[in-house]
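Trainee: Show me the folded form of this:
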Amino acid sequence: MAPNADRLRQRRHTGPPDVPSVVREEHHPTPTTTIVNEKTPSSEHQQRPLTTLGGTELVIDGVIYDIAQFQHPGGDSIQLFGGNDVTVQYKMIHPYHTRHHLQKMGTPVGTIPDIKYEYAWDTPFERDMKAAVFQIVARGKEFGTTGYFVRALGYIGLFFYLQYWWMQPAGTSYPLAILYGMSMGLIGLNVQHDANHGAASKQVWINDLLGLGADFIGGSKWLWMEKHWTHHAYTNHHTKDPDGLAAEPFLLFNDYALSSTKRCGYHAYQAFYFVLVLCGYWISAILDLPVIWSLRDRGAAEVGIHVDNPWIASRRKYAIGLRLLYLYCNIYVPLAQAPCAWTTFIHIQVMGIAGSLTLGLLFTLSHNFEQADRDPTKDFRHTGHQVCWFKAQVETSSTYGGFVSGWLTGGLNFQVEHHLFPRMSSAWYPYIAPTVRRVCKEHNVRYVYYPWLWQNMYSTLKYTHAVGNGSHHDHPLLHRGDNPFLGSM
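Mentor: I've put the predicted structure just below:
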């Protein structure tokens, strides 16, 4: 049984009846249209290298802005990436951007000379996609719906209800550990994710509050934003996507050359121990206290993001306090009042594994499957042609299931739609999916859809195995026909 985009299971189907599950684009996108601030400086002494940026300075399209005094309508999280070129992040988060938005940031303080960007913007595909989707979701209406908040509050209530019993003198248990761990995963998928994308509400304080859900499940909203926003900007980029490197050296998701020193003999068997590695996600996160202390995500730093600026430093005390609260509620209290500390310790591990798998499995399959584009900027390196960012988002992601899966996963089953419009609430993705598929077909852009979760997981395991043993490098599964589900079950 192969994926069939005609049968996308969702509440409202508005798309055409005959959309194939996979289509391709062969042409190169038109060059990007750079948004130029009319106040752009041009004097020679204002040109500076990127390495000289201060902690409150940003670069957009080669122009340096100092945002120390900028009152950002979306909140002060803009300060998170102080000291970086945020051209891609800016454009992906602001789909309505114009030169007038940049003028509000004040007079530029310099330029970066001879800067070249890999991604093209304002391409025909991007313009048509935006025009079609914005007919469904009007500007200013892309935030959480009533349905989203009902879902979010329901999962929040479930989480705190289970946490209450987790901390009772009666002790923990295996069923409670599994349910409590899964509820943490549901908070990560359904609550903090939309909020930390700025998509839950137009009200900044609501996003900030719900975004703390990351800390209540053992993570950190600030570390999450450092890494996850970078992942969105550079999805499957061979050197700039921190998610592609996160599991190394245990797992390889990038298809390195067979002679690469990154490859080890055990990677040939990584499909068999893949799930075991994901089980360790929780314990590795909560015990990594040095990262909480510095609030500098290693993955983001490894791919070149500067995560050491005054705004991040000002958040460290909150991150540390929330981590101590998490450890107190979820580890210290159960162990302190346990009739058998060893049994309770095992229950805590089971809770962590349940949460790890709920989050890890669903996130991993989104960009690691048989026909995923694992090197979307290869054309730029070889030919100098810029790559349409919108096209890259579609061809590096997959969508599975429909409306019901969306309620369970916070809309993250619609990864194609999510990566095209990351600041749109997940509640809207089932409604725009048919339109996204239609526009992809019109522009011959490959859209991968799996009717069922298990099909996407099976494809992920096949891809992981092929990358690990090296067979994918010489014979990429990307070119094995038009059917992304290549198995028979």
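
Trainee: Gln46 contacts Thr107, doesn't it?
Mentor: No - using Cβ atoms under 8 Å, Gln46 makes no contact with Thr107, being 10.8 Å away. From N, CA and C alone the C-beta is placed, and that goes for glycine too.

Trainee: And the two? Which one has more around it.
Mentor: Gln46 (15 against 11; other Cβ atoms under 10 Å).

Trainee: which residues touch the more buried one?
Mentor: Residues near Gln46 by Cβ atoms under 8 Å, 6 or more residues apart in numbering: Val109, Gly110, Thr111.

Trainee: Is it possible to get TSV of the residues you listed that adds secondary structure?
Mentor: Listed next are the contacts of Gln46 as TSV, based on DSSP: H, G, I helix; E, B strand; the rest coil:
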residue	secondary structure
Val109	coil
Gly110	strand
Thr111	strand
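
Trainee: Make TSV out of those residues and add distance to Ala246 and pLDDT.
Mentor: Listed next are the contacts of Gln46 as TSV, based on distance: Cβ to Cβ, whole Å; pLDDT from 0 to 100:
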residue	distance to Ala246	pLDDT
Val109	35	88
Gly110	34	89
Thr111	34	90
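
Trainee: Now do the strands in the chain.
Mentor: In the chain, the segments counted as strands under DSSP state E are 57-60, 63-66, 84-85, 110-111, 119-120, 387-388, 398-400, 448-450.

Trainee: how close does Arg438 sit to Gly106?
Mentor: For Arg438, the distance to Gly106 equals 41 Å [Cβ to Cβ, to the nearest Å].

Trainee: more crowded one of those two?
Mentor: In this view Arg438 and Gly106 are compared by other Cβ under 10 Å, and Arg438 has more residues nearby, 18 against 15.

Trainee: Give me the mean pLDDT for stretch 298-317.
Mentor: When pLDDT is averaged over stretch 298-317, the result is 92.

Trainee: chain center to that stretch, what's the gap?
Mentor: Centroid separation for stretch 298-317 versus its chain: 18 Å, with Cα atoms, centre = their mean, to the nearest Å.

Trainee: Likewise for stretch 244-262?
Mentor: That offset, for stretch 244-262, works out to 20 Å (Cα atoms, centre = their mean).

Trainee: cool, and stretch 243-254?
Mentor: Distance, centroid of stretch 243-254 to centroid of chain: 15 Å (Cα atoms, centre = their mean).

Trainee: Residues touching it, excluding its own?
Mentor: Against stretch 243-254 from outside (Cβ under 8 Å, 6+ apart): 227, 231, 236-238, 262-264, 267, 270, 274, 277, 299, 302-303, 363, 367-368, 374, 464, 467-468.

Trainee: Drop anything exposed from those.
Mentor: Neighbour-count burial within those applies to 227, 231, 236-238, 263, 267, 270, 274, 277, 299, 303, 363, 367-368, 374, 464, 467-468; the criterion is 16 or more other Cβ atoms under 10 Å.

Trainee: Poorly predicted segments of this structure, please.
Mentor: 1-45, 474-489 (pLDDT under 70).

Trainee: tell me the domain ranges of it?
Mentor: Per automatic domain parsing, the structural domains of the chain span 5-30+126-142+367-479, 44-116, 146-364.

Trainee: Just give the nearest non-adjacent residue to Thr230, would you?
Mentor: Ala300 (5.0 Å; Cβ to Cβ, 6 or more residues apart in numbering).

Trainee: no wait, Met129
Mentor: Nearest residue to Met129 in three dimensions, chain neighbours excluded: Val439, at 4.9 Å (Cβ to Cβ, 6+ apart).

Trainee: gap between the one you found and Cys388?
Mentor: Taken as Cβ to Cβ, the span from Val439 to Cys388 is 13 Å.

Trainee: And Gln47, by the same measure?
Mentor: Between Gln47 and Cys388 the computed distance is 29 Å (Cβ to Cβ).

Trainee: In contact with Leu365, which residues?
Mentor: Counting by Cβ under 8 Å, 6+ apart, Leu365 touches Ser398, Tyr400, Asn456, Met457, Ser459, Thr460.

Trainee: on that earlier part again, neighbour count for Val439 and Cys388, which is higher?
Mentor: Ranked by neighbour count (other Cβ under 10 Å), Val439 and Cys388 place Cys388 first, with 27 against 24.

Trainee: and the closest residue in space to Glu126 that isn't next to it in sequence, what does it touch?
Mentor: Sequence neighbours aside, Phe390 is the residue nearest to Glu126 in space, at 4.3 Å (criterion: Cβ to Cβ, 6+ apart). Residues in contact with Phe390, defined by Cβ under 8 Å, 6+ apart, are Thr123, Phe125, Glu126, Met129, Leu420.
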